[in-house]
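Visitor: Turn this into a structure:
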Amino acid sequence: MKRQIICAALVAGLMSSHAFARDTVEKYAVEAALKSESGKVDQDIPLYFAGQNHPGVAKSFGEFATNKKTNAFGKSDEAACRHVFLSAVRELQDRVRKEGGNAVIDVKSNYRNVEFVSATQFTCGAGAMVAGVALKGEVVTLKK
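Guide: Numbers count the residues shown, from 1 in each chain. Have a look, this model is predicted:
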């Protein structure tokens, strides 16, 4: 009897850990995410997503990547993904400051090293406990 209870507990534990392993990758709107938390993204460092027109480049500092995660427990996938997207964008803007540039161009998603190029959408992986966004973009100084 004791062995049956232990076996049942182990099976239940394994089944529940599998449920927590969910990793749903979805696409969400860049514009909606940028507007979702007022003041989170600095307006003084412009972001140009892949395919968007921008002024000419005076100097390139190279391509930089972010890989941000956030607690998704008790949040909708979309809310968690918007929040972590803003953190990833903010990290790119921090890199601009560090390198001495003034913008990020050609921003694209790179979740799990799968590049997704879009001016209007980003990819996000969301599970029961964590959501993640990976971005990469070129840090530059734009011509005035």
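
Visitor: from what I can see Glu138 touches Asp106, true?
Guide: Yes: the criterion here is CB atoms under 8 Å, and Glu138 meets it with Asp106 at 5.0 Å. C-betas here are computed from N, CA, C, even on glycine.

Visitor: mind showing which ranges of this structure have poor pLDDT?
Guide: The chain contains residues with pLDDT under 70 at 1-21.

Visitor: coming back round to it: quick check: neighbours shared by Glu138 and Asp106?
Guide: Glu63 (CB atoms under 8 Å, 6 or more residues apart in numbering).

Visitor: would you list every one of the helices in this structure?
Guide: Secondary structure of the chain, counting by DSSP state H: helices at 2-20, 30-36, 77-99.

Visitor: Could you check how far Tyr105 is from Lys144?
Guide: Slight slip there: residue 105 is Ile, not Tyr. 15 Å (CB to CB, to the nearest Å).

Visitor: who's more crowded, the two?
Guide: Ranked by neighbour count (other CB atoms under 10 Å), Ile105 and Lys144 place Ile105 first, with 22 against 7.

Visitor: How about the more buried one: what's its closest non-neighbour residue?
Guide: Tyr48 (4.5 Å; CB to CB, 6 or more residues apart in numbering).

Visitor: How many residues are close by the one you found?
Guide: Tyr48: 19 neighbours (other CB under 10 Å).

Visitor: What residues does it make contact with?
Guide: Tyr48 neighbours (CB under 8 Å, 6+ apart): 54, 103-107.

Visitor: Parallel or antiparallel, list what pairs with the longest strand belonging to the chain.
Guide: As assigned by DSSP state E, the longest strand anywhere in the chain is strand 57-71. The pairing partners recorded for strand 57-71 under DSSP bridges are strand 130-142 (antiparallel).

Visitor: what sits up against stretch 79-98?
Guide: Contacts of stretch 79-98 (CB under 8 Å, 6+ apart): 26, 28, 30, 32-34, 36-37, 40-42, 45, 47, 64, 66-72, 75, 102-104, 107, 122, 124, 126, 131-135, 137, 139.

Visitor: Would you check how far apart Gly137 and Asn71 are?
Guide: From Gly137 to Asn71 the distance is 25 Å (CB to CB).

Visitor: No more questions from me, cheers.
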